[in-house]
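A.B. asks: based on what follows, work out the 3D shape:
(2 chains)
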Amino acid sequence: MESSILIVVMAVALGTYIFRALPLGYYTLIKSGKAGAQKFEQFLSLAGPSLIAAFLAVSIVPVSSDISLDFIIRELLALGGVFLAHRKWKNPGLSVLIGVFVYSILISYFPI
Amino acid sequence: MSSFKSGLFASFSIFLGYIPVAIAFGIYSRGTGLGVLDSIIISALIFAGASQFAMVSLLASGVASGGASIAALVLNLRHLLYGPLIAPFLKGASTSRIAQLAFGLTDEVFAAAYSQLEKIPEEERASWLSGLEIGAYLSWISGTLLGAAGGSVLLSQSPYLSSALSFALPALFLALLLPLLRWDSAVSALIAVVVALSFHYHGQTSLGILAAGVSGPFAGIALKRLIWRAAY
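C.D. replies: Below you'll find the model as predicted:
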């Protein structure tokens, strides 16, 4: 690897690590888990589901605007499979496996 | 089963989601002229998918190293939100353990940890999270190696598998989101989805996630206040 690229890699790696480590270290070690006022705790309790919902949305919806009916049916049915698996077993790993299995069947009928 | 092994076992769903993305990164990275070892070093040191793609792509298109670094780091700004959310679960963890755990706090690890740490006994949480992170990390590295060392051949032989696995990440996020939904968090999640998709549509996915993580909770709190005022 060229040294100039290695420097960029090291800078991004270090910066990324700092973004992850500083807040975690601050709130775990310095504040000793006392996340502060009730309002802040309320904010944090809602931030988790919000972030996960945002990940879900952007992982499904393609950046391009050409969303076909096949795409909508396929994704909704596969998500339905995950939902039903969750209702039945409450196990994330199993729900993912069932979702992928349902999706693998659906792409035969509603091709990508 | 030890808490570490249990965390490692829980990383299986992340493994399913990471493998196709990491293979894609390995293939892409080789396509820009980087070697197999270079691709693995990038994945091993940065361990953050979107910013790795961005960095390699910008460097390949001739953008100066400073610009490529800043762009990749901006993509990772959303990670600032994960620490405060995970910290309350890790009370009493040592400085060295926190430093180690922070490295592996990716989007998927954060989502899995946030939704499951509460069910783990307090003294076992750091060890469980280590197992989860190491499983995710090994998936990422091995996927990169597969992609860089011959992923294009692998994918051309099994396009069906690759397509099916592309649903693993949405399935993972939904499976992790469902147990967290109450009426107030559902409103926050809905607002977050709208905000995230608005940014995503304009090519600003990472900033959109950061904006969703801030606007969603504020919307949920505001609605709670409105309902409380209306009721009393």
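A.B. asks: and the pLDDT at residue B:178?
C.D. replies: Looking at residue B:178, its pLDDT is 91.
A.B. asks: likewise for residue B:128?
C.D. replies: As predicted, residue B:128 sits at a pLDDT of 96.
A.B. asks: so where's the chain uncertain?
C.D. replies: Looking at chain A here, since you left the chain open. Applying pLDDT under 70 to chain A flags residues A:29-41, A:65, A:112.
A.B. asks: my bad, the chain I had in mind was chain B
C.D. replies: In chain B, residues with pLDDT under 70: B:151-152, B:154-159, B:161-162.
A.B. asks: all the helices of it, residue numbers only.
C.D. replies: Applying DSSP state H to chain B gives helices spanning B:3-10, B:12-31, B:36-46, B:49-60, B:65-75, B:82-86, B:95-103, B:107-116, B:125-157, B:159-165, B:168-177, B:183-201, B:205-231.
A.B. asks: cool, and chain A?
C.D. replies: With DSSP H as the criterion, chain A has helices at A:3-25, A:38-60, A:69-89, A:92-109.
A.B. asks: buried ones in the third one?
C.D. replies: When you say that, I think you mean helix A:69-89. Of all the residues in helix A:69-89, those buried under the rule 16 or more other C-beta atoms under 10 Å in any protein chain shown are A:71, A:74-75, A:78-79, A:81-82, A:85-86. Backbone N, C-alpha and C define where each C-beta goes, glycine included.
A.B. asks: any idea which residue sits dead centre in chain A?
C.D. replies: Compute the mean C-alpha point of chain A, and by C-alpha atoms, centre = their mean the closest residue is residue A:55, 3.9 Å away.
A.B. asks: now that one. Nearest residue, chain neighbours left out?
C.D. replies: Nearest residue to residue A:55 in three dimensions, chain neighbours excluded: residue B:173, at 4.8 Å (C-beta to C-beta, 6 or more residues apart in numbering or on different chains).
A.B. asks: still on that earlier bit, any idea which of the helices of chain A is most buried?
C.D. replies: Scoring those by mean neighbour count under mean count of other C-beta atoms under 10 Å in any protein chain shown gives helix A:38-60 as the most buried, with a mean of 23.
A.B. asks: right, and residue B:171 touches residue A:94 too?
C.D. replies: No - using C-beta atoms under 8 Å, residue B:171 is not in contact with residue A:94, being 10.6 Å away.
A.B. asks: next up, the contacts around the residue nearest to residue A:55.
C.D. replies: By C-beta atoms under 8 Å, 6 or more residues apart in numbering or on different chains, the contact list for residue B:173 reads A:52-53, A:55-56, A:59, B:111.
A.B. asks: try it again at 7 Å.
C.D. replies: Taking C-beta atoms under 7 Å, 6 or more residues apart in numbering or on different chains as the criterion, residue B:173 is in contact with A:52, A:55-56, A:59, B:111.
A.B. asks: what does residue A:75 give?
C.D. replies: When the contact criterion is C-beta under 7 Å, 6+ apart, the partners of residue A:75 are residue A:60.
A.B. asks: what distance do you get for it to residue A:62?
C.D. replies: 10 Å (C-beta to C-beta, to the nearest Å).
A.B. asks: can you check residue B:22 too?
C.D. replies: Separation of residue B:22 from residue A:62 (C-beta to C-beta) stands at 20 Å.
A.B. asks: and these two? Which one has more around it.
C.D. replies: Using other C-beta atoms under 10 Å in any protein chain shown, the more surrounded residue of residue B:22 and residue A:62 is residue B:22, with 26 against 11.
A.B. asks: could you check how many residues crowd around the closest residue to the more buried one other than its chain neighbours?
C.D. replies: In space, and not counting its chain neighbours, residue B:22 is closest to residue B:143: 2.5 Å by C-beta to C-beta, 6+ apart. Residue neighbour count, defined by other C-beta under 10 Å, stands at 22 for residue B:143.
A.B. asks: now the one 3 residues further on
C.D. replies: Residue B:146 is flanked by 18 other residues according to other C-beta under 10 Å.
A.B. asks: pretty sure it contacts residue B:23?
C.D. replies: Yes - contact criterion C-beta atoms under 7 Å: residue B:146 and residue B:23 qualify, at 5.2 Å.
A.B. asks: hey, what's in contact with both of the two?
C.D. replies: Counting by C-beta under 7 Å, 6+ apart, residue B:146 and residue B:23 have no shared contacts at all.
A.B. asks: can you redo the contacts of residue B:173 as a markdown table with distance to residue B:134?
C.D. replies: Putting the contacts of residue B:173 into a markdown table (distance: C-beta to C-beta, whole Å) gives the following:
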| residue | distance to residue B:134 |
| --- | --- |
| A:52 | 22 |
| A:55 | 21 |
| A:56 | 25 |
| A:59 | 23 |
| B:111 | 17 |
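A.B. asks: closest one of those residues to residue B:102?
C.D. replies: Distance to residue B:102, by C-beta to C-beta, is smallest for residue B:111 among the contacts of residue B:173, at 16.1 Å.
A.B. asks: I'd say the closest one and residue A:50 touch.
C.D. replies: No - Residue B:111 lies out of contact with residue A:50 (C-beta under 7 Å); the separation is 11.4 Å.
A.B. asks: count of residues packed around residue A:91?
C.D. replies: Neighbour tally, residue A:91, other C-beta under 10 Å: 15.
A.B. asks: how far away is residue B:173 from residue A:104?
C.D. replies: Where residue A:104 is concerned, residue B:173 sits at a distance of 18 Å (C-beta to C-beta).
A.B. asks: cool, thanks, signing off.
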